[in-house]
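would you be able to build a 3D model of this:
(one chain, ligands or ions: 1)
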Amino acid sequence: MNWDEGSTPATHPGDRVVSGAADGDDQAVEAALRPKDLGEFVGQERVREQLDLVLRAARGRGATADHVLLSGAPGLGKTTLSMIIAAEMGAPIRITSGPAIQHAGDLAAILSSLTEGEVLFLDEIHRMSRPAEEMLYMAMEDFRVDVVVGKGPGATAIPLELPPFTLVGATTRAGLLPPPLRDRFGFTGHMEFYSPDELQRVINRSARLLDVDIAADGAAEIAGRSRGTPRIANRLLRRVRDYAQVKADGVITGQVAAQALEVYEVDGRGLDRLDRAVLTALLKLFGGGPVGLSTLAVAVGEERETVEEVAEPFLVREGLLARTPRGRVATPAAWSHLGMVPPQQVTGGSGQRGLFEG
Ligand SMILES: Nc1ncnc2c1ncn2[C@@H]1O[C@H](COP(=O)(O)OP(=O)(O)OP(=O)(O)O)[C@@H](O)[C@H]1O
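This next block holds a predicted model:
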C-alpha cells in the first residue's frame, strides 16, 4: 500500500472496517489465524498447486526454491503464503519491505546476514529504491553483491558471495515492477479475490480457532460482505463476535451478523459509509453522471485521492461505477443497489448529461 505517499486522505483506509490494509488490531490477531501449510491455505487453487510443485521439486533436489513473486491486493494472503513457503522448505524467514530499504547498503546488510536456504520476504517490493533494486538483480541471479567502499574516484567495489536464498517478493501491482526485476523470479503467482464460498471457509476456520460459535448462515452473511478479502472477513468476524457477545447469546447466526454489520455500516454487498456516500452523491446530485472526480469528491466532502483510491476501486470492481473519459458514471446496478430509480433518459439533445463534468 502506498498511503504514506503524497497527500493524506481525509479517510485513511486503515480506519475502515472494510479496508484491505492491516491495522494494529489485525496484526495482533492475524498471527494466530494464519494457515501454517499449503493444505490449510484456503482457495487460490492455481497458485497453490503450482507453488506446491515448485517447492516439492526443490525439496526433491535438495535445492533452494526458486525466487517467487506474489501479486495481488492487500489482505489476500501474500505474507501468509511466504511464511508457508519457508515452513514447507523447513527454512527460516526474514521479513522486510521495500520502503524499509532506501539505500543499497540496507539491502547489502540484510543479504549478507542470510543463511543458506533462508526465505527473504520483501513486501511492497515495487517501492524499493533504485540502487537497492539494482543490487537485488545481481543477488537474485548470481548470489553475489558488490559492496562499494569509499566515494568518488577512490571508491572500490568488493564482491561478496551470498548463500543461496529464496526471495519472495510481494506487490499489489506486478505491472509496476521493472521487467529486469520481474524476469528474475522463477515463479509468479497472481492472487485473486476470494469467492464467497472460500471466504466462508476462512471464516469458519477462524471461528474455530477463536472459539466462536457460528452458524452456517452467519458465516455466509459475513462472507458476502467481506469484499473478496480474507483479512476483511476475519476483521468483520471479530466485530460480529463482539456484537453477538453483548447483544445476543454469543452465537453468530445470519440475523445476528446482519444486525451487527448494520451497526458497523457495512451493507449486504460490503459497501461502507464512504462507498455509499459516493454512490448516493453520484445518483442523487448528478443523476448518475457523468461527473468529474473533483466535483464528486467535493460533494462527499472528501479528498479527490480518497474517492479515487479508497472508494472507487471496489465500486468499479462491483460493477456499480464506471470511470469514463467524460467522468464517473453510475451503472444500472448502482441504482438498484441503493433502491433508486434512474431518471428518464433525455433523448435527442445534450440534456443533463455532461453538466457536471469537472
Ligand atoms: N487463503 C487463506 N486462508 C485462510 N486465511 C487467510 C488466507 N489468506 C489470508 N488469510 C488471512 O488473512 C490475513 C491477512 O493475510 P496476509 O497478511 O497474508 O495478507 P497480505 O496479502 O500479505 O496483505 P498485505 O499486502 O497487506 O501485507 C491473515 O491473518 C490470514 O489469516
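
my read: residue 29 touches residue 238, true?
Yes. Contact criterion CB atoms under 8 Å: residue 29 and residue 238 qualify, at 6.8 Å. Every C-beta, even on glycine, is put in place using the N, C-alpha and C of the backbone.

quick one: the strands in the stretch 151-300 of the chain?
Under the criterion DSSP state E, counting those that start in this stretch, the stretch 151-300 of the chain contains strands at 156-161, 166-171, 187-190.

how about those strands, which one is nearest the ligand?
Minimum separation from the ligand across the strands of the stretch 151-300 of the chain (CB to the nearest ligand atom) falls at strand 166-171, 6.1 Å.

partner strands of that closest one and their direction?
strand 68-71 (parallel), strand 119-123 (parallel) (DSSP bridges).

so which of these comes closest to the ligand?
That would be strand 119-123 among these, by CB to the nearest ligand atom, at 5.6 Å.

the next helix or strand along the chain from that closest one vs strand 119-123, what angle?
As assigned by DSSP states H and E, the chain's next helix or strand after strand 119-123 is helix 130-142. Interaxial angle, helix 130-142 versus strand 119-123 (axes from the mean of the first three to the mean of the last three CA atoms, to 10 degrees): 150 degrees.

residue 272: neighbour count?
22 (other CB atoms under 10 Å).

please name the residues that touch the nearest residue in space to it that is not next to it in sequence.
Among residues not flanking residue 272 along the chain, residue 18 sits closest, at 4.8 Å (CB to CB, 6 or more residues apart in numbering). By CB atoms under 8 Å, 6 or more residues apart in numbering, residue 18 lies in contact with 225, 226, 227, 232, 236, 266, 270, 271, 272, 275, 314.

ok, those residues vs the ligand, which is closest?
Distances from the ligand to those, taken by CB to the nearest ligand atom, are shortest for residue 232, at 8.6 Å.

and the residue of this structure nearest the ligand?
The ligand sits closest to residue 77 of the chain, with a gap of 2.6 Å, by CB to the nearest ligand atom.

that residue and residue 230 touch, don't they?
Yes. Between residue 77 and residue 230 there is a contact under CB under 8 Å: 6.0 Å.

these two - which one has more neighbours?
The neighbour comparison of residue 77 against residue 230 (other CB under 10 Å) goes to residue 230, with 29 against 25.

find residues that contact each of residue 29 and residue 238.
residue 210.

buried residues in stretch 304-313?
Judged by neighbour count (16 or more other CB atoms under 10 Å), stretch 304-313 contains these buried residues: 304, 305, 306, 307, 308, 309, 310, 311, 312.

equivalent analysis for stretch 44-64, please.
Across stretch 44-64, burial judged by 16+ other CB under 10 Å covers 44, 47, 48, 51, 54, 55, 58, 64.

any idea of the mean pLDDT in that stretch?
The average pLDDT within stretch 44-64 is 94.

then stretch 222-234?
94.

restrict it to CA atoms and write it as PDB.
Only the C-alpha atoms of stretch 222-234 are listed here, as PDB (Å, rounded to 0.1, in the frame of the first residue of the first chain):
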ATOM      1  CA  ILE A 222     -20.100 -12.200   6.800                       C
ATOM      2  CA  ALA A 223     -18.500 -13.700   3.700                       C
ATOM      3  CA  GLY A 224     -20.900 -11.800   1.400                       C
ATOM      4  CA  ARG A 225     -19.800  -8.500   2.900                       C
ATOM      5  CA  SER A 226     -16.000  -9.200   3.000                       C
ATOM      6  CA  ARG A 227     -15.100  -7.800  -0.400                       C
ATOM      7  CA  GLY A 228     -13.400 -11.000  -1.500                       C
ATOM      8  CA  THR A 229     -10.600 -10.500   1.100                       C
ATOM      9  CA  PRO A 230      -9.700 -12.800   4.000                       C
ATOM     10  CA  ARG A 231      -8.300 -10.000   6.100                       C
ATOM     11  CA  ILE A 232     -11.700  -8.200   6.000                       C
ATOM     12  CA  ALA A 233     -13.500 -11.400   6.600                       C
ATOM     13  CA  ASN A 234     -11.500 -12.000   9.800                       C
END
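
residues making contact with it?
By CB under 8 Å, 6+ apart, the surrounding residues in contact with stretch 222-234 are 17-20, 22, 26, 29-30, 33, 42, 73-77, 193-197, 199-200, 202-203, 206, 236-237, 240, 252, 257, 261, 266-270, 314.
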